[in-house]
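*Asks:* What shape does this take:
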Amino acid sequence: MKKTIAISIWGWVLLVACSKQHDLTYQLPDNIYFDFTNEVKHTRVDSFFFSFALYPDRTTDTLYLPVRISGKRVSADRWFKIKIVDAATTAIAGTHYKALDTAYRMPADSGTARVPVILFGTDPALLKKSVTIKLQIIASGDLLNTFPALDTAKITFSNRLEQPAWWVVWRGELGEYSRIKYELFIRTSGTVDLPLDQSDWQSIPQTLYFIRRFRAFLVDPINRAVDYEDQGYAIGKDTSGNFYFYNKGNNTQQYPLEYNAADGKYYFRDENGNRIVPQ
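*Replies:* As a prediction, this is how the structure comes out:
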């Protein structure tokens with residue numbers, strides 16, 4: 001009899017405990033957080049880097065930051081807020097990015113959403129420096145923020161390129177690095193990357209094709225520009241009658257050509273004033 005009573009008592013305690021735990025789980029307020037996960041390393045990241053120089057036809061672009069709720073999905077739209085962390089932001093609203101909306105929508109019956117951050121790449125200063133936007137989720141009436149380790153995101157962007165690691169490997173074919181040369185390489189070679197070493201003999205022919213295509217353009221940019229018309233590139237003239245290479249989708253970024261009477265050819269100059277010549 002005692003054994004039966006003991007089992008009954010513990011069964012009642014367990015039932016009460018489960019009931020309380022069940023109530024606790026569903027009475028917690030719904031939270032929202034940035035859901036950044038590196039799919040390769042399966043680790044969380046909260047910093048993003050972007051360069052307009054990789055997309056010469058764009059003067060504006062949109063990054064979508066994923067957010068997720070911790071809690072119940074409900075059958076009505078809910079709203080959450082995001083603010084700019086001024087102390088950690090160097091970008092200027094209206095110049096480098098579109099000001100944030102007052103609130104963002106979490107759709108009905110959904111546990112995820114994407115926050116659009118609209119970036120502008122027309123500021124000439126972005127050719128020389130990067131700017132940063134830091135965002136933070138803040139509590140609102142519909143969705144709270146009690147996960148401080150998951151409530152921020154940082155975007156760093158510019159309109160310039162940094163020297164890639166593979167340039168040193170192929171310096172013999174490309175010459176010394178410069179930002180303008182790298183940009184022209186991307187516009188005309190057909191690739192943005194080259195192998196990090198020369199050990200893979202199967203990739204060598206394709207790599208040399210990319211390099212030779214770039215060289216051919218540098219030899220005669222005026223006439224070879226026609227090869228890139230289907231990609232939106234063209235040769236234009238400024239008010240002084242000087243030629244420049246540009247993308248029709250973004251005429252704010254021009255690559256001036258300089259005529260050299262000594263050999264009757266046109267050359268680009270890099271950001272340091274050096275003439276860009278084919279190797």
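
*Asks:* who's in contact with Gly111?
*Replies:* Contact partners of Gly111, counting by Cβ atoms under 8 Å, 6 or more residues apart in numbering, are Arg68, Ile69, Arg73. Yep, even glycine has a C-beta here, placed from its N, CA and C like the rest.

*Asks:* separation between the second one and Ile138?
*Replies:* Read that as Ile69. Per Cβ to Cβ, to the nearest Å, Ile69 is found 15 Å from Ile138.

*Asks:* repeat for Ile155
*Replies:* In terms of Cβ to Cβ, Ile155 sits 18 Å off from Ile138.

*Asks:* can you check Ala225 too?
*Replies:* From Ala225 to Ile138 the distance is 50 Å (Cβ to Cβ).

*Asks:* Mind checking which of the two has more residues around it?
*Replies:* Neighbours were counted for Ala225 and for Ile138 using other Cβ atoms under 10 Å; Ala225 has more, 19 against 14.

*Asks:* Could you report the neighbour count for the closest residue to that one other than its chain neighbours?
*Replies:* Excluding its sequence neighbours, the residue lying closest to Ala225 (Cβ to Cβ, 6 or more residues apart in numbering) is Ile235, at 4.6 Å. Ile235: 18 surrounding residues under other Cβ under 10 Å.

*Asks:* can you pull the pLDDT of Ile235?
*Replies:* Looking at Ile235, its pLDDT is 95.

*Asks:* now do Leu135
*Replies:* Predicted confidence (pLDDT) for Leu135: 96.

*Asks:* what comes up buried for the host helix or strand of it?
*Replies:* Element membership of Leu135, judged by DSSP states H and E, is strand 131-138. Within strand 131-138, the residues that count as buried by 16 or more other Cβ atoms under 10 Å are Val131, Thr132, Ile133, Lys134, Leu135, Gln136, Ile137.

*Asks:* Sheet-wise, list the partners of it with their directions.
*Replies:* Note on strand 131-138: by DSSP bridges, its sheet partners are strand 78-84 (antiparallel), strand 152-158 (antiparallel).

*Asks:* contacts for the next helix or strand after the last one?
*Replies:* Tracing the chain past strand 152-158, the next element assigned as helix or strand by DSSP H and E is helix 166-169. Identification of contacts with helix 166-169 by Cβ under 8 Å, 6+ apart yields Leu174, Tyr177, Tyr182, Asp193, Leu194, Pro195, Leu196, Asp197, Gln198.
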